[in-house]
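One predicted model, sequence on top.
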Amino acid sequence: PPFAAPGQAPLVSIIIDDMGYSPRALTRLAALPGPVTLSFLPYADATSPMLAAAGQGEFDIFLHLPMQPLGDADPGINAVLADLDETQIRKRVRQALAAVPGAVGVNNHMGSRVTALPETMRWVMDELRQQPLLFVDSRTNPESIAEATAAMLGVPTTGRDVFIDHVPEPEAIARQLALIERIARRGGSVVAIGHPYDVTLRALERWLPAVERRGFRLASVADVIAFRHCGDAALDPWTCSPELQLVGTG
């Protein structure tokens, strides 16, 4: 990412994954300063009513797309799996998107296996390009090619920098929040992912109200993508994408 220009507030974008189970968590998130991005699981019991409630707040909505991980963990119903063919994968992506109407973007739920598969990622990103939707690589695998594939196909994209609550304990989360600030000050922006755990929400309830007083700006994922690709968070991430600018030139 580019360095922050002098006088510009570093951008902090927060994504809360695994939404769709706890209406109480949504109420607490709605009371926080924003913008905050909520990423909903398509198969979660309360996704539909929670989406209706979230639509009345100042949230960006993402689809938390289930994808196959390495190992035996279950990514959930109708996940993108390594052994599916193109027709099946495209169908599952479209079904998941239909379950989260109003989504402006997608990030992967699990996916450490399939995000390293070129063909699979190409089919997924082509579906997102047609919507059109943003994509954030949750980076559950250091060998992921999801972000690179999205960029190649012209999907505005970036990657997660910090997991807030990989260790869901107060002291560990406090260290991650400090890391968020260091990364944002150094590079001008940061994308952090957390979950609607009580311990995470309590930490955010203390930290977020003061973060702008410490010189940061809470930003949408689209703002961060525009800043990272074009140096200006005010631009449309679709029209400023270097890949899209090449189309029809020369």
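On my side now, so go ahead.

Can you tell me what sits against the longest helix along the chain?
Selection of the longest helix in the chain by residue count, based on DSSP state H, yields helix 170-187. Outside helix 170-187, the residues within contact range by C-beta atoms under 8 Å, 6 or more residues apart in numbering are 1-4, 10-12, 161-167, 190, 192, 199-200, 202-203, 207, 211, 214, 216. The way it works is simple: take the backbone N, C-alpha and C, and place the C-beta from them, glycine included.

Quick one: mark the members of those residues that sit in helices.
Using DSSP H, the contacts of helix 170-187 in helices are 199, 200, 202, 203, 207, 211.

and the spatially closest residue to the first one that is not a sequence neighbour, what pLDDT?
Using C-beta to C-beta, 6 or more residues apart in numbering and skipping the chain neighbours, the partner closest in space to residue 199 is residue 168 (5.3 Å). You'll see residue 168 listed with a pLDDT of 98.

Please apply the same query to the one 10 residues further on.
Residue-level confidence at residue 178 comes out at 98, pLDDT.

if we can go back for a sec, number of nearby residues for the residue nearest to residue 199?
Residue 168 is flanked by 15 other residues according to other C-beta atoms under 10 Å.

I'd assumed residue 200 was in contact with it.
Yes - at 6.7 Å, residue 168 counts as touching residue 200 under the criterion of C-beta atoms under 8 Å.

between the ones in helices among the contacts of helix 170-187, which is closest to residue 143?
Residue 143 has its nearest neighbour among these in residue 200, at 27.2 Å by C-beta to C-beta.

Thought residue 193 was touching the closest one, still the case?
No - look at residue 200 against residue 193 with C-beta under 8 Å: they stay out of range, at 10.4 Å.

which residues are in contact with both of these two?
Joint contacts of residue 200 and residue 193 (C-beta under 8 Å, 6+ apart) are residue 164.

Neighbour count for these two, which is higher?
A direct count of neighbours by other C-beta under 10 Å for residue 200 and residue 193 places residue 193 higher, at 24 against 19.

bridging residues for the more buried one?
Judged by DSSP bridges, the bridge partners of residue 193 are residue 15, residue 163.

Check the burial of residue 25 by counting its neighbours.
Neighbour tally, residue 25, other C-beta under 10 Å: 21.

Contacts only, for it.
So residue 25 contacts 16, 19, 196, 201 (C-beta under 8 Å, 6+ apart).

Can you report how many residues lie near the first one?
Counted with other C-beta under 10 Å, the burial measure for residue 16 works out to 27 neighbours.

What of the second one?
As a burial measure, residue 19 scores 28 neighbours (other C-beta under 10 Å).

That one against residue 37, yeah?
No - at 9.7 Å, residue 19 and residue 37 do not qualify as touching, with contact defined as C-beta under 8 Å.

out of the contacts of helix 170-187, which are buried?
1, 4, 10-12, 161-165, 190, 192, 199-200, 203, 207, 211, 216 (16 or more other C-beta atoms under 10 Å).

Over to the spatially closest residue to residue 119 that is not a sequence neighbour: give its phi and psi.
Excluding the flanking residues, the one nearest residue 119 by C-beta to C-beta, 6+ apart is residue 86, at 7.7 Å. Main-chain torsions, residue 86, degrees, to the nearest 10: phi -60, psi -40.
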